[in-house]
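> Sequence first, predicted coordinates after that:
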Amino acid sequence: MASQTPASALPKLTRADGQPIRALVVDDEPELADLMRRGLEMTGWRVETAHDGFAALKKAREFFPDVLVLDIMMPGMDGVELLQKIRTIFPEVPALFLTAKDEVSDKVLGLQAGGDDYVSKPFSMKEVILRLHRIVQRSGVTAPQFAHLSVGDLTLNKDTKGVQRDGVDISLTATEFELLKFLMENPRHVVSKARILERVWNYDFGGQSNIVELYISYLRKKIDADREPMIHTVRGSGYVIKP
């Protein structure tokens, strides 16, 4: 099982009130539950774990989870029964099931029980976190993802693909737009070349290791030309955009 998570490449999700997303992870394997907890905490979520259904039910009442990660096969109370009981308290809480076998019957069982998604053991931690992000985004508990980004006098509209600096329109290619959007979603934070490659190119860049530097230079010519520079290189670390 891979322990590397894609936390750095995912948008940060919060509840509508600005508080961290709350996940309850239930698995009778303590090491697996702890791995899941550490992976989700890297994305900024609050996580509680339990190793059986009865302990999970008690924690759910105290924790008010936004999403559940439930092992189907557990002694005592299995994940299906646990979900039914939690849903009597929190009817809308979404759930991801962990299935021990890659069999259609197990997956169907989880979905018929009201699960929103499933993964089969052994699984990739990256896949689990990506699936949980999608479940939470669909659930309606997250803060709205605004279409409009602003950093200083630079503005970007995700819907219209429009970019302006100090009120002047700037024309960007699709890749330049995605690169600028990623930088603007992380203002004042240094983002590494590796993060940029994964987020903008999904590592599909034909082996050209200098592709990031090339597109950063394209952006600078359009964003920073004859103006106070906003895009900065942090030697050995990556790039940062700031007013």
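All right, it came through fine.

> How about Arg15: what's its closest non-neighbour residue?
Excluding the flanking residues, the one nearest Arg15 by C-beta to C-beta, 6 or more residues apart in numbering is Val141, at 5.7 Å. For glycine as for every other residue, the C-beta is placed from the backbone atoms N, C-alpha and C.

> do Met74 as well
In space, and not counting its chain neighbours, Met74 is closest to Asp28: 4.8 Å by C-beta to C-beta, 6+ apart.

> Check which residues of the biggest helix by length in the chain are buried.
What stands out as the longest helix in the chain, according to DSSP state H, is helix 125-139. The neighbour-count check on helix 125-139 (16 or more other C-beta atoms under 10 Å) flags Met125, Lys126, Val128, Ile129, Arg131, Leu132, His133, Ile135, Val136 as buried.

> Repeat that for stretch 212-226.
Quick answer for stretch 212-226 (16+ other C-beta under 10 Å): Val212, Tyr215, Ile216, Tyr218, Leu219, Ile223.

> Turn those residues into TSV, including secondary structure.
Formatted as TSV, the buried residues of stretch 212-226 follow (DSSP: H, G, I helix; E, B strand; the rest coil):
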residue	secondary structure
Val212	helix
Tyr215	helix
Ile216	helix
Tyr218	helix
Leu219	helix
Ile223	helix
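
> continuing past the helix or strand of the chain with the lowest mean pLDDT, what's the next helix or strand?
Lowest by mean pLDDT, DSSP states H and E among the helices and strands of the chain is helix 104-112, with a mean of 64. Reading on from helix 104-112 to the C-terminus, the next helix or strand found by DSSP states H and E is strand 117-120.

> Pull that next one out as PDB, backbone CA atoms only.
C-alpha atoms of strand 117-120 as PDB (Å, rounded to 0.1, in the frame of the first residue of the first chain):
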ATOM      1  CA  ASP A 117     -18.100   5.000  -3.200                       C
ATOM      2  CA  TYR A 118     -15.700   2.100  -2.400                       C
ATOM      3  CA  VAL A 119     -12.100   1.000  -2.800                       C
ATOM      4  CA  SER A 120     -10.700  -2.500  -2.500                       C
END
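
> which strands and helices sit next to it?
strand 95-99, helix 104-112, helix 125-139 (3 or more C-beta pairs under 8 Å, 6 or more residues apart in numbering; DSSP states H and E).

> list the helices and strands the last one packs on?
Going back to what we said before, that points to helix 125-139. Short answer (3+ C-beta pairs under 8 Å, 6+ apart): helix 125-139 packs on helix 30-41, strand 67-71, strand 95-99, strand 117-120.

> That one vs strand 67-71, what angle?
Helix 125-139 runs at 140 degrees relative to strand 67-71, counting by axes from the mean of the first three to the mean of the last three C-alpha atoms, to 10 degrees.

> related to what we said a few turns ago, now the helices and strands packed on strand 117-120 as JSON lines including distance to Thr173?
Converted to JSON lines, the helices and strands packed on strand 117-120 look like this (distance: least, C-beta to C-beta, whole Å):
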{"stretch": "strand 95-99", "distance to Thr173": "37"}
{"stretch": "helix 104-112", "distance to Thr173": "41"}
{"stretch": "helix 125-139", "distance to Thr173": "27"}
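
> what about these, which gets the closest to Lys58?
Nearest of the helices and strands packed on strand 117-120 to Lys58, taken as C-beta to C-beta: strand 95-99 at 17.4 Å.

> Now do the closest one, average pLDDT.
Averaging pLDDT along strand 95-99 gives 90.
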